[in-house]
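> Could you work out the structure for the sequence below:
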Amino acid sequence: MKKIVPMIVSALALLSSQAQADFIGFQVGASSWNPDYSGTMANGTGLNIENDLGFTDDSLSMIWLKLEHPVPMVPNVRFSSNDLDAAASSTLTRDITYNGQAFTTGTDITSQFDMTNTELTMYYELLDNWVNFDLGITLRQYDGKASINDTVGTIDFSLPLLYAEARFDLPFTGFFVDSSLNSLSISGNSITETMVALGYESEIGLGARLGVRTLDLQFDESNLNVDLEFEGAYLDLFYHF
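Residues are numbered from 1 along each chain as shown. I've put the predicted structure just below:
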């Protein structure tokens, strides 16, 4: 991994010398995401987050900002903070063990997972006209927990992800279609996140997009194993300076 990341950065930098924004641009936005949850987590007994723990769909949020500039070889940057925190209550229908603690059938439990994360993306704009294409690397950090009652399993890991985003403007209309990808799998940890949306941006830079966002998250830490999928509609509002 120590060799792969610098190689990718060098290759992108070479491509960027011929494809950079010709002005400074700044974007800021906020999203509301309503995903369905599915999957398992384990720290002892393998637990289905729907059937065993009672998790259902919820509303999550994200804020982000992006800076693009015309300086050759220097990557553009994007920063985001993603809320991924949910709680649920249920009554156990079987005996389970979590983080060394036994819970018996019929016990009322409250569960929480907090996988809120921050990320920094460094990317190059390889195309910049009615077709826009960005390619780079995202550095994402998870620092949270997954708990049942007062028994807590910790979440603390980071991954560098391949980042790609494409936008297709519909000429003279303000409408566009865009999609993005963040993905990598290494050492038992895997993240794949995709977003596809239809959007509109006004002449003064105010815009919105509506689409579908999916997140597949797998990691195997010393005290917690997680295999979760989130999928649902999202609405993003933004302003482009």
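> could you pull out the helices for this protein?
Using DSSP state H, the helices of the chain run over residues 4-16.
> what's near enough to touch the residue nearest the centre of it?
Residue closest to the average C-alpha location in the chain (Cα atoms, centre = their mean): E193, at 5.7 Å. Listed by Cβ atoms under 8 Å, 6 or more residues apart in numbering, the contact set of E193 reads 161, 181-183, 213-216. (Each C-beta comes from the backbone N, C-alpha and C, glycine too.)
> Quick check: beta-bridge partners of it?
For E193, the residues forming beta bridges with it (DSSP bridges) are N182, L215.
> now Q27
Here Q27 shows beta-bridge partners K66, H240, assigned using DSSP bridges.
> If you average pLDDT per helix and strand, which one of this protein comes out bottom?
Sorted by mean pLDDT, DSSP states H and E, the helices and strands of the chain end with helix 4-16, the least confident at a mean of 48.
> what stretches of this protein score poorly on pLDDT?
By pLDDT under 70, the weakly predicted segments of the chain are 1-23, 222.
> Pull out the C-alpha coordinates of stretch 178-193 and format them as PDB.
As requested, C-alpha coordinates have been extracted for stretch 178-193 and formatted as PDB (Å, rounded to 0.1, in the frame of the first residue of the first chain):
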ATOM      1  CA  ASP A 178     -23.500  12.800 -12.400                       C
ATOM      2  CA  SER A 179     -22.100   9.800 -10.600                       C
ATOM      3  CA  SER A 180     -19.200   9.100  -8.200                       C
ATOM      4  CA  LEU A 181     -17.300   6.200  -6.800                       C
ATOM      5  CA  ASN A 182     -15.100   5.700  -3.800                       C
ATOM      6  CA  SER A 183     -13.700   2.100  -3.500                       C
ATOM      7  CA  LEU A 184     -10.900  -0.100  -2.300                       C
ATOM      8  CA  SER A 185     -10.400  -3.500  -0.600                       C
ATOM      9  CA  ILE A 186      -7.300  -4.400   1.300                       C
ATOM     10  CA  SER A 187      -6.300  -6.500   4.300                       C
ATOM     11  CA  GLY A 188      -9.900  -7.700   5.100                       C
ATOM     12  CA  ASN A 189     -11.300  -4.100   5.000                       C
ATOM     13  CA  SER A 190     -13.400  -3.000   2.100                       C
ATOM     14  CA  ILE A 191     -15.400   0.100   1.200                       C
ATOM     15  CA  THR A 192     -17.400   0.700  -2.000                       C
ATOM     16  CA  GLU A 193     -19.600   3.800  -2.200                       C
END
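> Tell me the buried residues in that stretch?
For stretch 178-193, the neighbour count (16 or more other Cβ atoms under 10 Å) marks 178, 180-184, 189-193 as buried.
> What of stretch 112-123?
Under the neighbour-count criterion of 16+ other Cβ under 10 Å, stretch 112-123 has 112-117, 119, 121-123 buried.
> before we move on, what about stretch 37-54?
Of the residues in stretch 37-54, 37, 39-44, 47, 49-50, 52-54 count as buried by neighbour count, 16+ other Cβ under 10 Å.
> Identify the bridge partners of D36.
Residues in beta-bridge contact with D36 (DSSP bridges): E231.
> For it, give its distance to L60.
12 Å (Cβ to Cβ, to the nearest Å).
> Tabulate the buried residues of stretch 112-123 (TSV), appending distance to G205.
Written out in TSV, the entries for the buried residues of stretch 112-123 read as follows (distance: Cβ to Cβ, whole Å):
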residue	distance to G205
Q112	38
F113	36
D114	34
M115	32
T116	29
N117	28
E119	24
T121	21
M122	23
Y123	20
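> Looking at the residues you listed, which are in strands?
Secondary structure defined by DSSP state E assigns 112-114, 117, 119, 121-123 of the buried residues of stretch 112-123 to strands.
> Now for G205: which residues touch it?
Under the contact definition (Cβ under 8 Å, 6+ apart), the residues listed for G205 are 239-241.
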